[in-house]
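**Student:** Next input, structure requested:
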Amino acid sequence: MRRQFISHAISAAALLALGALSARAADNAAVQEKAAVCSGCHGENGISQTENIPSLAGQPDQFLQWQLVFFRAGSRKNEQMQPIAEAIANEDVRSLGAYFAAMTPPKPAEDKDPDLSKKGAQVAEGRRCASCHTDSFAGTKAVARLAGQREEYLVKALHDYKAGQRVGGGVAAMADVAYRMSDEEITAVAHYLAYFK
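**Tutor:** Residues are numbered from 1 along each chain as shown. Model (predicted):
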């Protein structure tokens, strides 16, 4: 009798586990389907191949969620992103954030201008970029990953902060940092971060 009970208990546990796995698989399939819309611009596996479009792979979960919320609320402006973000439910914001955060971030190519990277490293140190974005520039919580991001996108983002065109989390800190940067410093730090390993 006891063996039969144990056998039934094991079978029930296996069925529950199987049910949980298939529910997770269904959830993952639904997230992948929703994320497929993103890959048109942000690239396969969240790695952008399009100028001025950021890679999403490996960005911190909270950062991704907040950006979608900022686009949806209209506090961050972009003609392509706003209508997409407006159609995303809160649950999807959370699942898309987690989905892209779990992806492998872009691997920087070989740095063809190490002298520019050296200047950029000095700018990053002088502006204390690592104090928010971490020593590895991988970001954390609601702070963006910068390492390996598209170089021209980083230049654009810094110019947008400098001009007061980009708002959202950390806007005061980023606007203050970017406002004081020359175009040459922006170019150098963007290059350094794009090739940071």
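**Student:** Give me the phi and psi for the most centrally placed residue in the chain.
**Tutor:** Most central in the chain under CA atoms, centre = their mean is residue 59, positioned 2.7 Å from the mean C-alpha point. Per-residue torsions, residue 59: phi -70, psi 150 (degrees, to the nearest 10).
**Student:** what do you get for residue 151?
**Tutor:** Torsion angles, degrees, to the nearest 10, at residue 151: phi -60, psi -50.
**Student:** Then residue 140?
**Tutor:** Torsion angles, degrees, to the nearest 10, at residue 140: phi -160, psi 140.
**Student:** same deal with residue 143?
**Tutor:** Taking degrees, to the nearest 10 as the convention, residue 143 sits at phi -110, psi 130.
**Student:** for the one 3 residues further on, same thing?
**Tutor:** With angles defined as degrees, to the nearest 10, residue 146 shows backbone torsions of phi -110, psi -30.
**Student:** got the contact list for it?
**Tutor:** 129, 133, 137, 139, 154, 193, 196 (CB atoms under 8 Å, 6 or more residues apart in numbering). No exception for glycine: its C-beta is placed from N, CA and C like everyone else's.
**Student:** Distance check, the residue nearest to the centre of the chain against residue 102.
**Tutor:** 10 Å (CB to CB, to the nearest Å).
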